[in-house]
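# For reference, the sequence and a predicted model appear below.
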Amino acid sequence: MARNKFDIDETLETPFNFAHFKRALVYVKRYKWKMITAFILSAVSAVVALFAPLITKEVVDTAIPMGMNGDEKAVPYIVLLSGLFLLTIIVSVILGNIRQRIMTKAGQMIIYDIRKDLFRHLQELPFQYYDDRPQGKILVRVVNYVNNVSDMLTNGIINFVLEIFNLMFIAIFMFMVDVRLSLVIFAGIPVFILVMVILKNKQRRAWQQVSNKNSNQTAYLAESINCIRVTQSFARENENLGIFRRLSTAYRKVWMKAVTITHFIPFSVDNIRATIDSAIYFVGLLVIGFPAVSLGSILAMSNYSSRFWQPIINIANLYNNFINTIAYLERIFETMDEPVPVKNAEDAYELPEITGKVEFKNVTFAYEEGKNILENVSFTVNPGESVALVGPTGAGKTTIINLISRFYNINDGAVYIDGHDISKVTLHSLREQMGIMLQDSFIFSGTIENNIRYGKLDATEEEIIKASQTVCAHNFIEGLENGYQTEMSEGGSQLSGGQRQLVSFARTLISDPKILILDEATSSIDAKTEKELQTGLNELLKGRTSFIIAHRLSTIRNCDKIMFINNKGITEAGTHEELLAKKGDYYNLYMAQK
Ligand SMILES: Nc1ncnc2c1ncn2[C@@H]1O[C@H](COP(=O)(O)OP(=O)(O)O)[C@@H](O)[C@H]1O
Ligand SMILES: [Mg+2]
């Protein structure tokens, strides 16, 4: 996944693959009636606008000479023509506005649909996915890339068709006015296209570079924000500033280049336009000459000429956006197609309400092919029993409990809960009945009360207070400025590690899981508080099967069973007293802590 590091560009040029666009059309099709309405409105508005030059011609060639010849109908005729001229503008503006509203809405709906699908998928992706790439680049995909494609998928599609029609209509109107002058305009097309193709290609590449550098910078920024504590404690600010400066400079350079090219385009387009405009006057006045060509015709043609190039420029722009959009779509769909290794089996069924019996049968597991972490592990835990996992760091304790919630698929053997093979039940029904508490518990932004309610969305205030009391969190919460209504920042940095832990205990208790897992959950709580908590903890454990990983052996000595994990399996198992009597690994560990 090299492309996803912050110092490596995400992409330069991707092969043009129309399939991505076709796939995106699925999202567009849902709003096809909006699209069709908008298209019709635009077409009508464009045609109406094209009558304006014809009216100008009529004023110059007919109405003004009428006035000069003393015809009294001249004034009302000019007023009528002016009224019509004004009407063309008003009608095309109003229709254009309505269309814009419809399209903006469709665009937002499409963004919403794509983002929803992306987010749903991101939530299912394994931890591994997030370990492998910077958060910033994931954010850029969900936020920026999706924004970038919406315009192409709505206005882009409509405008593309529209501009082609527009071009045809303008050509027809031009021929209606004067064929010879139309040919003068047509002669400019090859030069114009050549310039556009060269410049537009350069421009597209330049903007793609901008997007890449922006993605790199965002990725680094997100990483820096996440690890700010580490940065400051290692006094790495200057080095990091250097990295950021390098990324920002790269960004600034490609931005400047892109802007320079972009500004050069209208300049060259205007030059070509002006040249052709003068050619019209030249050919009209000197080569063909009056009265073979009228002054009104020359004015009208000059007007059509300036309108004629706009659709071509627009089509070139659309083509560029189209290619960029395909590149973005590729990134978006790549994320959506990222395989979910742990998912519901085809015929998965809901795990019924469990009593909490857990059974491992000859379980073998490896994170990476060929490197077994667990081999042939078997054990049974009866409902309501508490089990402690102890053993050296890296032995596989966390791995075992990860397998109970099926965060990973096992390579061999089976895990049963209440006799149900967990690979055959739905993930939701499985995990819903588990309570997992980790060493570092996450506090979401919002009130303390809502943080606890996360475990059970319809919990009442009384339930929340009762749960907090049970786990000894009530007193400290009451002591906060606004009690249960105190607003937490993301990550809950106002609280101590231990306090965060207590909040998460309450959150877990309220969800009332039948199986409870505490992975070093009491590590950040001091011995005194832990002792107080012990009562709460005992309350929490009552009637539930529990797995506890703790370094302080005092926390676990009352467990029904202690398993010592080492050498890819369970090396000792028994009660605290049994294991001490055995004078093996557990005994040594216990003596070392005394
Ligand atoms: N996501 C992972 N990918 C690859 N290897 C892992 C992963 N998580 C843990 N490991 C490896 O598996 C082994 C057991 O880890 P773990 O179960 O976390 O140990 P502990 O007993 O300290 O909880 C370690 O050697 C570790 O390097
Ligand atoms: Mg661990």
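Thanks, I have it. In this text the structure is predicted, and so the values were computed from the model without any measurement. Numbering: from 1, shown residues only. Ligands and ions are numbered 1, 2, ... in the order given.
# Show me where the stretch 351-500 of the chain has its helices.
All helices of the stretch 351-500 of the chain, identified by DSSP state H, counting those that start in this stretch, fall at 397-404, 427-431, 448-453, 461-470, 474-478, 497-511.
# which other residues reach the helix or strand just after the last one?
As assigned by DSSP states H and E, the chain's next helix or strand after helix 497-511 is strand 515-519. The set of residues external to strand 515-519 that reach it, using CB atoms under 8 Å, 6 or more residues apart in numbering, is 354, 356, 358, 397-398, 401, 404-405, 417, 433-439, 508, 540-541, 544-550. Where you see a C-beta, it was placed from the backbone N, CA and C, and this is true even at glycine.
# and what of stretch 223-239?
Contacts for stretch 223-239 (CB under 8 Å, 6+ apart): Phe6, Pro134, Gln135, Gly136, Asn240, Phe244.
# tell me the mean pLDDT for that stretch?
In this model, stretch 223-239 carries a mean pLDDT of 85.
# can you pull the buried residues of that stretch?
Residues Glu223, Ser224, Thr231 are the ones in stretch 223-239 that count as buried (16 or more other CB atoms under 10 Å).
# what's the span of it from first residue to last?
14 Å (CA to CA, to the nearest Å).
# Distance from it to the middle of the chain?
Distance of stretch 223-239 from the chain centroid (CA atoms, centre = their mean, to the nearest Å) equals 26 Å.
# again, but for stretch 565-577
Using CA atoms, centre = their mean, the offset of stretch 565-577 from its chain centre is 44 Å.
# What average pLDDT does it get?
pLDDT averaged over stretch 565-577 gives 94.
# Which residues does it contact?
Contacts for stretch 565-577 (CB under 8 Å, 6+ apart): 372-377, 379, 389-392, 395-397, 400, 556-564, 579, 582, 584-586.
# Restrict the helix or strand harbouring Arg229 to CA atoms and write it as PDB.
For Arg229, the host element (DSSP H and E) is helix 228-233. The C-alpha trace of helix 228-233 is given here as PDB (Å, rounded to 0.1, in the frame of the first residue of the first chain):
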ATOM      1  CA  ILE A 228       0.700  15.600  19.200                       C
ATOM      2  CA  ARG A 229       1.500  14.300  22.700                       C
ATOM      3  CA  VAL A 230       4.300  12.100  21.400                       C
ATOM      4  CA  THR A 231       5.700  14.900  19.300                       C
ATOM      5  CA  GLN A 232       5.800  17.300  22.200                       C
ATOM      6  CA  SER A 233       7.200  14.900  24.600                       C
END
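# next structured bit after that helix?
Beyond helix 228-233 in the direction of the C-terminus, DSSP H and E gives the next helix or strand as helix 237-282.
# re earlier: return a PyMOL selection command for the buried portion of the contacts of strand 515-519.
Those of these that count as buried under 16+ other CB under 10 Å are selected in PyMOL with:
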select buried, resi 354+356+358+397+398+401+404+405+417+433+434+435+436+437+438+508+540+541+544+545+546+547+548+549+550
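# For ligand 1, give me its nearest residue in the stretch 151-300 of the chain.
Asn226 (18.2 Å; CB to the nearest ligand atom).
# Sorry, slip of the keys, the one I care about is the stretch 201-350 of the chain.
Pro341 (12.2 Å).
# low-confidence ranges in this protein?
1-5, 10-16, 524, 532-533, 536 (pLDDT under 70).
# Those residues of it touching ligand 1, which are they?
When proximity is defined as CB under 6 Å from any ligand atom, the chain approaches ligand 1 at Tyr367, Glu368, Ile373, Thr393, Gly394, Ala395, Gly396, Lys397, Thr398, Thr399.
# Just give me the neighbour total for the second one.
Spelled out, it's Glu368. Other residues near Glu368 come to 7 when the count uses other CB atoms under 10 Å.
# Then the third one?
Per other CB under 10 Å, the neighbour tally for Ile373 reads 21.
# Cross-check the contact I'm expecting between it and Ile400.
No. With contact defined as CB atoms under 8 Å, Ile373 does not reach Ile400; the gap is 9.2 Å.
# tell me the contacts of Ser554?
So Ser554 contacts Ala527 (CB under 8 Å, 6+ apart).
# Distance-wise, check it relative to Thr398.
Note on Ser554: its distance to Thr398, by CB to CB, to the nearest Å, is 21 Å.
# How about Thr37?
56 Å.
# quick one: the strands in the protein?
Using DSSP state E, the strands assigned to the chain run over residues 358-366, 372-381, 386-390, 412-417, 420-421, 434-437, 446-447, 487-488, 515-519, 545-549, 561-566, 569-574.
# could I get these as a markdown table with distance to Asn97?
As requested, the strands of the chain are exported to a markdown table (distance: least, CB to CB, whole Å):
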| stretch | distance to Asn97 |
| --- | --- |
| strand 358-366 | 62 |
| strand 372-381 | 63 |
| strand 386-390 | 66 |
| strand 412-417 | 60 |
| strand 420-421 | 60 |
| strand 434-437 | 54 |
| strand 446-447 | 40 |
| strand 487-488 | 42 |
| strand 515-519 | 58 |
| strand 545-549 | 63 |
| strand 561-566 | 69 |
| strand 569-574 | 72 |
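# out of those strands, nearest to Ile315?
strand 446-447 (48.9 Å; CB to CB).
# Pro134 is in contact with Asn216, isn't it?
No. Using CB under 8 Å, Pro134 makes no contact with Asn216, being 9.0 Å away.
# Pull up the overlap in contacts between these two.
With CB under 8 Å, 6+ apart, Pro134 and Asn216 have common neighbours Phe6.
# Show me the longest helix that occurs in this protein.
helix 74-124 (DSSP state H).
# How many residues are close by the nearest residue to Ile354 once chain neighbours are set aside?
Spatial nearest neighbour of Ile354, excluding adjacent residues (CB to CB, 6 or more residues apart in numbering): Asp418 at 4.5 Å. Neighbour count of Asp418, defined by other CB under 10 Å: 19.
# So Asp418 versus Thr426, what's the distance?
Using CB to CB, Asp418 is found at 15 Å from Thr426.
# and if you look at Tyr220?
39 Å.
# Between those two, which has more neighbouring residues?
Tyr220 (21 against 15).
# Skipping adjacent residues, who's closest to that one in space?
Of all residues not flanking Tyr220 in the chain, Phe6 sits nearest, at 4.3 Å (CB to CB, 6+ apart).
# next one: Val390
Val390's closest residue in space is Phe564 (CB to CB, 6+ apart), at 5.6 Å.
# same deal with Asn303?
Spatial nearest neighbour of Asn303, excluding adjacent residues (CB to CB, 6+ apart): Pro53 at 4.1 Å.
# ok, now how distant is the nearest residue to Tyr130 once chain neighbours are set aside from ligand 1?
Nearest residue to Tyr130 in three dimensions, chain neighbours excluded: Ile138, at 7.7 Å (CB to CB, 6+ apart). The spacing between Ile138 and ligand 1, counted by CB to the nearest ligand atom, to the nearest Å, is 18 Å.
# repeat for Ala473
Ala473 is 26 Å from ligand 1, where distance means CB to the nearest ligand atom.
# just Tyr484 next, same as before
Counting by CB to the nearest ligand atom, the gap from Tyr484 to ligand 1 is 34 Å.
# Kindly report the same for Ile55.
73 Å.
# How about Asn376: what's its closest non-neighbour residue?
According to CB to CB, 6+ apart, the nearest residue to Asn376 is Asn362 (5.1 Å).
# Now do the same contact list for the one you found.
Asn376, Val377, Ser378, Asp412, Gly413, Ala414.
# what's around the nearest residue to the second one once chain neighbours are set aside, how many residues?
Counting by CB to CB, 6+ apart, Val363 is the residue found nearest to Val377 once chain neighbours are left out, at 4.6 Å. With neighbours defined by other CB under 10 Å, the count for Val363 comes to 21.
# residues contacting Val363?
Applying CB under 8 Å, 6+ apart to Val363 gives the contacts Leu374, Asn376, Val377, Ser378, Leu403, Ile410, Asp412, Gly413, Ala414, Val415.
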